[in-house]
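Q: Take a look and give me a structure for this.
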Amino acid sequence: MSIRIGYVLKRYPRYSETFVVNEILAHEAAGLDIEIFALRPLCDTHFQNIISQVRASVSYIRRPIQGRVSESLNSLAPTAASYFWAELQEASKVIPDFWPKLAFAQGEQASTVYQAAWLAREARVKGITHLHAHFGTVATSVARLASHFTGIPYTFTAHAKDIFHESVEFEDMQRKLQDAASVVTVSDYNLRYLHNTYNLPAKQVQRIYNGLDLRQLQYSSPAERPPLIISVGRLIEKKGLSVLIDACAILKQRNYQFQCQIVGTGSLELTLRQQIIDLELQSIVEIVGPRPQNEVFQLVQKAAVFATPYVIGKDGNRDGLPTVLLEAMALGTPCVSTDVTGIPELVRDGETGLIVPQHDADKLAIALGQFLTNSALRVKLSTQARQLIESEFDIHCNTAILRELFLTHTASGTRKVGAKA
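A: Alright, predicted model coming up:
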């Protein structure tokens with residue numbers, strides 16, 4: 001049986017979602033045939049260099065061509081409604097029982113139904129045998145409906161914001177979890193949360209860690225590193241960067257000699273820059289903006305410590321298992337982080353890094369100071385961190401588990417969506 005996987009993503013590519021690209025590249029290296037479906041246009045201004053290595057073609061959602069609308073509706077001035085109707089008509093041409101199945105979409109957003117009809121038609125035309133979405137938000141909503149329309153099974157990976165944010169609707173998420181052939185999540189913390197919150201069967205959700213291609217990330221001993229603190233991530237609340245800046249002020253007061261670089265961009269950039277000025281840290285703390293992935297790796301590998309003082313946002317938003325932490329640990333830079341979601345599964349306090357409480361600038365400063373001044377500690381914890389990455393976070397091992405999941409559901413024709421319809 002020919003296997004072809006459709007990856008359903010809200011946007012592609014995304015600067016901050018290298019884990020998706022890593023996953024696709026590993027599948028392609030193993031010979032899996034992939035088509036990418038993106039539901040939204042690009043919004044980033046910078047892109048990671050590894051995107052150029054992806055061979056899969058990308059289909060972006062588009063409005064039907066005007067000729068198709070005119071042919072279907074004989075309309076000289078197509079409206080949003082006529083575009084919507086035309087897409088349903090086109091879907092029905094390749095999905096014979098489409099119209100009876102459309103009732104399943106009752107209660108969904110019109111945009112979700114439109115995109116699902118588009119995806120269903122594209123999936124049928126392109127011979128997709130399985131759909132996999134990342135994040136349990138709109139991409140999974142669309143994949144779920146498209147699965148119902150076509151009979152193609154779907155799975156999805158749940159990360160963090162899509163599980164914990166205040167906008168998550170319980171009943172909507174429960175439908176997605178129950179209707180999926182299987183669900184993947186990225187940490188044991190998430191696994192327990194989903195099982196306990198949604199009372200799911202034990203086998204319905206499984207944890208598969210994100211991974212890295214370790215051939216691209218060579219370990220370098222941090223024994224002789226300058227006193228440089230580095231942090232990489234979007235400049236948003238959940239990254240806890242205001243806490244890091246406060247910690248730098250404390251280190252300065254305690255007469256530590258160091259520099260701090262913050263790599264990234266985001267909505268809090270002006271606020272964080274003002275904080276740096278207010279604390280008179282301009283000569284010590286620098287926001288350097290976004291950088292290509294290969295340059296980020298070089299910066300990380302020059303630092304004595306990697307700081308990720310993540311917090312749970314006021315809206316419930318939080319990180320799951322950040323790829324930048326995996327990368328820093330693989331490269332040999334010791335990490336300080338917090339006890340948010342699954343991070344302690346990766347940064348094991350006193351073993352593969354140091355964990356401090358959220359929002360605690362003083363304890364963060366103490367931990368950073370330890371790595372800045374203690375070469376032996378840097379070497380010990382970074383060595384153990386690399387060993388953990390090699391044993392549990394190798395992308396080729398972890399995507400092999402995911403491929404087996406895809407193949408199992410494709411071969412068995414597992415299809416749960418609309419079973420009661």
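Q: all contacts plus neighbour counts: C-alpha atoms, from now on.
A: Will do.
Q: which other residues reach the helix or strand containing E286?
A: Taking DSSP states H and E as the definition, one finds E286 inside strand 285-289. Contact with strand 285-289 is made by I245, C248, Q259, C260, Q261, I262, V263, G264, T265, R273, I276, as judged by CA atoms under 8 Å, 6 or more residues apart in numbering.
Q: Just to be sure, which of those are found in strands?
A: Within those, residues falling in strands by DSSP state E are Q259, C260, Q261, I262, V263.
Q: The residues you listed into CSV, with extra columns for neighbour count and distance to E23?
A: Formatted as CSV, these follow (neighbours: other CA atoms under 10 Å; distance: CA to CA, whole Å):
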residue, neighbour count, distance to E23
Q259, 18, 34
C260, 23, 31
Q261, 21, 28
I262, 22, 26
V263, 20, 23
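Q: closest to S82 among those residues?
A: Closest approach to S82 among the ones in strands among the contacts of strand 285-289 (CA to CA): V263, at 45.6 Å.
Q: what's across from the closest one in the sheet?
A: According to DSSP bridges, the residues that bridge with V263 are V232, G289.
Q: Would you check that it makes contact with G233?
A: Yes. V263 sits in contact with G233 when judged by CA atoms under 8 Å, with a separation of 6.4 Å.
Q: In CSV, list the contacts of strand 285-289 along with distance to K126 and pLDDT.
A: Below are the contacts of strand 285-289 laid out as CSV (distance: CA to CA, whole Å; pLDDT from 0 to 100):
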residue, distance to K126, pLDDT
I245, 50, 98
C248, 54, 98
Q259, 52, 98
C260, 49, 98
Q261, 46, 98
I262, 43, 98
V263, 40, 97
G264, 37, 95
T265, 37, 94
R273, 48, 98
I276, 52, 98
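Q: Nearest to G320 among those residues?
A: When the contacts of strand 285-289 are compared for distance to G320 (CA to CA), G264 wins out at 18.3 Å.
Q: what pairs with the helix or strand encompassing A133, and is each one parallel or antiparallel?
A: Assigned by DSSP H and E, A133 falls within strand 130-134. Strand 130-134 pairs in its sheet with strand 4-9 (parallel), strand 154-158 (parallel), by DSSP bridges.
Q: what's the particular helix or strand that has L270 in it packed up against?
A: L270 belongs to helix 269-278 when assigned by DSSP H and E. Helices and strands touching helix 269-278, by 3 or more CA pairs under 8 Å, 6 or more residues apart in numbering; DSSP states H and E, are helix 241-253.
Q: what's the helix it packs on in contact with?
A: 235, 260, 272, 275-276, 279, 281, 285, 307-310, 359-362, 364-365, 369.
Q: ok and that helix relative to helix 269-278, angle-wise?
A: 10 degrees (axes from the mean of the first three to the mean of the last three CA atoms, to 10 degrees).
Q: Am I right that Q282 is in contact with I276?
A: Yes. Between Q282 and I276 there is a contact under CA under 8 Å: 6.1 Å.
Q: Settle it for me: which of the two has more neighbours?
A: Shown here are Q282 and I276; by other CA atoms under 10 Å, I276 has more neighbours (22 against 14).
Q: Any idea which helix or strand in the protein has the lowest mean pLDDT?
A: Using mean pLDDT, DSSP states H and E, the weakest-scoring helix or strand in the chain turns out to be helix 66-73, at a mean of 46.
Q: Quick check: which element contains I34?
A: Using DSSP H and E, I34 falls in strand 33-38.
Q: Next secondary structure after that strand?
A: strand 57-60.
Q: Packing partners of that next one?
A: Counting by 3+ CA pairs under 8 Å, 6+ apart, strand 57-60 packs on strand 33-38.
Q: Average pLDDT for the strand it packs on, rounded please.
A: Mean pLDDT, strand 33-38: 97.
Q: same thing with stretch 309-329?
A: Per-residue scores along stretch 309-329 average to 95.
Q: circling back: and the strand holding A133, C-alpha only, in PDB?
A: Taking Å, rounded to 0.1, in the frame of the first residue of the first chain, the C-alpha atoms of strand 130-134 are listed here in PDB:
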ATOM      1  CA  HIS A 130      -3.100   9.900   6.700                       C
ATOM      2  CA  LEU A 131      -3.400  13.400   8.100                       C
ATOM      3  CA  HIS A 132      -1.300  14.700  11.000                       C
ATOM      4  CA  ALA A 133      -1.700  18.100  12.500                       C
ATOM      5  CA  HIS A 134       0.500  20.000  14.900                       C
END
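Q: which other residues reach it?
A: Applying CA under 8 Å, 6+ apart, the set of residues contacting strand 130-134 is 3-9, 20, 139-140, 143, 147, 152-159, 406, 409-410.
Q: Show me which of these are buried.
A: Neighbour-count burial (16 or more other CA atoms under 10 Å) applied to the contacts of strand 130-134 gives 4-9, 20, 139-140, 143, 147, 152-159, 406, 409-410.
Q: Please list all residues in contact with L321.
A: Contact partners of L321, counting by CA under 8 Å, 6+ apart, are H159, V186, S187, N210, T341, G342, I343, L346.
Q: Apologies, that question was intended for E237.
A: Listed by CA under 8 Å, 6+ apart, the contact set of E237 reads L268, V311, G313.
Q: which of the residues you listed count as buried?
A: For the contacts of E237, a burial check counting by 16+ other CA under 10 Å picks out V311.
Q: Out of the contacts of E237, which comes closest to P322?
A: Among the contacts of E237, V311 lies closest to P322 (CA to CA), at 12.7 Å.
Q: helix, strand or coil for the closest one?
A: Here V311 is coil, with the state taken from DSSP: H, G, I helix; E, B strand; the rest coil.
Q: ok, now which ones touch it?
A: V311 makes contact with E237, K238, K239, G240, R318, T338, V340, Q358, H359, according to CA under 8 Å, 6+ apart.
Q: 10 Å - rerun?
A: Listed by CA atoms under 10 Å, 6 or more residues apart in numbering, the contact partners of V311 are 237-241, 243, 317-319, 337-341, 357-359.
Q: Among these, which lie within strands?
A: Mapping the contacts of V311 onto strands (DSSP E) picks out S337, T338.
Q: V336 and V20, how far apart?
A: Computed as CA to CA, to the nearest Å, the V336 to V20 distance reads 25 Å.
Q: returning to that earlier point: dump the strands paired with strand 130-134 to TSV, plus distance to A38 and mean pLDDT.
A: Converted to TSV, those look like this (distance: least, CA to CA, whole Å; pLDDT from 0 to 100):
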stretch	distance to A38	mean pLDDT
strand 4-9	5	97
strand 154-158	15	97
